[in-house]
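> sequence and predicted structure below; questions after.
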Amino acid sequence: MALFEIVIVMGMTLDIQKDRGMSREHVSHSDIASWAADKVNLPKDKATTYRDQARRVREKVEKHLSEHEDFSLKKILLSGSLAKGTALRNLNDIDMACYVSGVSNETDIADLLEYIAERLRTAFPNMSPDQVKPQTYSVTISFKGTGLDVDVVPIIYDEDPDWYGNLVSQEDGSFLKTCIPRHLEFIRKRKNISPNHFAQVIRLAKQWKNNMKVEYPGFKFKSFMIELILAKLADDGEDFSDYPEALQSFFTYIAKTNLREQIVFTDYYPLSKVGSFTEPVRIIDPVNEKNNASVLYSEGQADLIVEAALDAGDAIDAALAATNKENTVYYWQKVFGPSFSI
Ligand SMILES: Nc1ncnc2c1ncn2[C@@H]1O[C@H](COP(=O)(O)OP(=O)(O)OP(=O)(O)O)[C@@H](O)[C@H]1O
Ligand SMILES: [Mg+2]
């Protein structure tokens, strides 16, 4: 390469760096943060309302923990994104997990759901019976007025002191041995290490996921998997305090590993206990080394996620290199959807 060419290349590099600096003026970390606060996150008052609603359900149900001849209801608690502090404002139901003991291998899921529905109707005598409806793998309680529906998911429980039990998979009805209180603790630990940022980057990644679901038919990416990938990056020392960079590291990780790298945590079991898995995506439940939380993801579904992550990474690069606000917003919209604005 001739000297003048090197000088030109160096000049271009400098331009790109300058543009990156400039584009941060068009859409900066703090622009993303305030858009998230306004348009992505579940507002605090709503979160409080929904948590109160869940607390009332728990209190009512706990008053009626009476024994039943076959099953008995042991505990009901808030689970899912509202419990973890990772909910988006378009949240459409309140997840609660309900521990039921006395369930045998032969018990029909439909009978179990009917039992839970009966207990809930007893706990809410003023509701009309059709406000408590068994669904395929859960029971929903519809409240009149403003509140969201509460979606009660069964956990088949055998008196484990740490509250391990078989969660009925909402995807296919299979039994997943897991521990909701430990999942909450797992996320809480990472939130304590990176207050605000860890949960915020999760919410932004979920916003991207929801946008991809609109864009690509057949796209799916479970929120729990997103959280575990981000927990892995955080544990590996990734700093989440700059949101464009944190997101870029998430997309880069997915693209670089093709989502085929096994992800495991040692909070609740040693690495030596983790066996081998044959599924294409292996994101192992941090509380049970035998449970692959991404067991249902096919090669095709994994490829779609990788492709979408590559596109998102390119869009962020383009956003950071864009020289005016209009273009910068255009590229961020490719990531987050048309609701992105500053
Ligand atoms: N495959 C699984 N194995 C073990 N536990 C799981 C599994 N899938 C979900 N869970 C449990 O269910 C909770 C809810 O996870 P999920 O991905 O369904 O949605 P969420 O966190 O409520 O997010 P959102 O509803 O906003 O998409 C998880 O935090 C975890 O405790
Ligand atoms: Mg949920």
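Perfect, I can see it now. Ligands and ions are numbered 1, 2, ... in the order given.

> how about the residues of the stretch 51-200 of the chain by ligand 2?
Applying CB under 5 Å from the ion, one finds that the stretch 51-200 of the chain approaches ligand 2 through Gly80, Ser81, Asp95. C-beta here means a position set from N, CA and C on the backbone, and glycine is covered the same way.

> number of residues surrounding Lys46?
Residues lying near Lys46 (other CB atoms under 10 Å) number 16.

> should've said Asn41
21.

> next one: the one 10 residues further on
The burial count assigned to Arg51 is 14, neighbours taken as other CB under 10 Å.

> secondary structure class for it?
Per DSSP: H, G, I helix; E, B strand; the rest coil, the secondary structure class of Arg51 is helix.

> now swap in Asp239 and tell me
coil.

> what of the one 5 residues further on?
Judged by three-state DSSP, the three-state class of Pro244 is helix.

> so it touches Ser30, yeah?
No. Look at Pro244 against Ser30 with CB atoms under 8 Å: they stay out of range, at 10.8 Å.

> re the thing from before, restrict the residues of the stretch 51-200 of the chain next to ligand 2 to those near ligand 1?
Gly80, Ser81, Asp95 (CB under 6 Å from any ligand atom).

> how far away is the last one from Tyr330?
Look at Asp95 and Tyr330: by CB to CB, to the nearest Å, they are 35 Å apart.

> who has more neighbours, these two?
More crowded of Asp95 and Tyr330, by other CB under 10 Å: Asp95, with 22 against 15.

> give the contact list for the more buried one.
Contacts for Asp95 (CB atoms under 8 Å, 6 or more residues apart in numbering) come out as Leu78, Ser79, Gly80, Ser81, Leu82, Ala83, Asp151, Val153.

> OK, contacts around the residue lying closest to the second one once chain neighbours are set aside?
Leaving aside its sequence neighbours, Ser79 sits nearest to Ala97 (CB to CB, 6 or more residues apart in numbering; 4.2 Å). Ala97 makes contact with Ile76, Leu77, Ser79, Val152, Val153, Pro154, Ile155, Leu167, Ile180, according to CB under 8 Å, 6+ apart.

> identify the residues contacting whichever residue of the stretch 101-250 of the chain sits closest to ligand 2.
Closest approach between the stretch 101-250 of the chain and ligand 2, counting by CB to the ion: Ser223, at 6.7 Å. Contact analysis of Ser223 by CB under 8 Å, 6+ apart lists Ser81, Thr86, Lys206, Lys209.

> quick one: Val335 and Asn211 touch, right?
Yes. With contact defined as CB under 8 Å, Val335 counts as touching Asn211 (7.2 Å).

> so those two - more neighbours on which side?
For Val335 and Asn211, the more surrounded residue by other CB under 10 Å is Val335, and the numbers stand at 25 against 21.

> isn't there a strand covering that one?
No. Looking at Val335 with three-state DSSP, it is helix, so not inside a strand.

> how much space between Asn105 and Ser174?
13 Å.

> quick one, which of those two is more surrounded?
Neighbours around Asn105 and Ser174, counted as other CB under 10 Å, are more numerous at Ser174. The numbers are 12 against 6.

> can you list the domains in this structure?
44-178, 184-336 (automatic domain parsing).

> in the stretch 51-200 of the chain, mark out all the strands, start to finish.
Applying DSSP state E, counting those that start in this stretch to the stretch 51-200 of the chain gives strands spanning 72-78, 93-101, 132-134, 139-141, 149-157, 165-168, 175-178.

> for the residue of the stretch 51-200 of the chain found nearest ligand 1, give me its contacts.
The minimum distance from the stretch 51-200 of the chain to ligand 1, using CB to the nearest ligand atom, falls at Gly80 (2.9 Å). By CB under 8 Å, 6+ apart, Gly80 lies in contact with Ala87, Ile94, Asp95.
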